[in-house]
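Student: Sequence and predicted structure below; questions after.
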Amino acid sequence: QVQLVESGGGLVQAGGSLRLSCAASGSISSINAMGWYRQAPGKQRELVAAITSGGSINYADSVKGRFTISRDNAKNTVYLQMNSLKPEDTAIYYCNGKRFRSLADWVNYWGQGTQVTVSS
């Protein structure tokens, strides 16, 4: 099993910055990719950014150039630096870990979520 604990959410004004952290514990060596998802009220959960164990990174188009995902392997922690925040970034942000069984099949691990609110 893998446990994921997020921190760093909060309230910020538009144009401001926040950094989210996700500390992983448990069977970490089984994780192939880590990422951040978000879910706004009335909307589906969506991918924000992800990083694979090989270092490949991808971002949602809506956050490219504003958000940066990174990891510290020594601390088993993944970060999401969020700059130039907009009110539409308001959502609950979830840390995600994936363990691939095959190219089309994987196990998801989720953190409890952290609220990010951006005021206009």
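Tutor: Structure's in. What do you need?

Student: So for S56, what's the pLDDT?
Tutor: pLDDT recorded at S56 is 95.

Student: what about it, how many residues close to it?
Tutor: The tally of other residues near S56 (other Cβ atoms under 10 Å) stands at 9. Quick note: C-beta positions are derived from backbone N, CA and C, even for glycine.

Student: so how far is I69 from it?
Tutor: Distance from S56 to I69, counting by Cβ to Cβ, to the nearest Å: 11 Å.

Student: can you check R38 too?
Tutor: Distance, R38 to I69, using Cβ to Cβ: 13 Å.

Student: Check what contacts the strand or helix carrying W106 and list those residues.
Tutor: Counting by DSSP states H and E, the element that carries W106 is strand 105-110. Residues from elsewhere that reach strand 105-110, judged by Cβ atoms under 8 Å, 6 or more residues apart in numbering: 1-4, 31-32, 94-101.

Student: try it again with 7 Å
Tutor: Counting by Cβ atoms under 7 Å, 6 or more residues apart in numbering, the neighbours of strand 105-110 from elsewhere in the structure are 2, 4, 94, 96-101.

Student: So for the helix or strand just after it, what gets flagged as buried?
Tutor: Helices and strands here follow DSSP H and E; after strand 105-110, the next one along the chain is strand 114-119. Within strand 114-119, the residues scored as buried using 16 or more other Cβ atoms under 10 Å are 114, 116, 118.

Student: which non-adjacent residue is nearest S27?
Tutor: V2 (5.6 Å; Cβ to Cβ, 6 or more residues apart in numbering).

Student: I'd guessed the one you found sits against S29; true?
Tutor: No - here V2 lies out of contact with S29, judged by Cβ atoms under 7 Å, at a distance of 9.9 Å.

Student: check which helix or strand covers L11.
Tutor: strand 10-13.

Student: What strands flank that strand, and is each parallel or antiparallel?
Tutor: Strand pairing for strand 10-13, determined by DSSP bridges: strand 114-119 (parallel).
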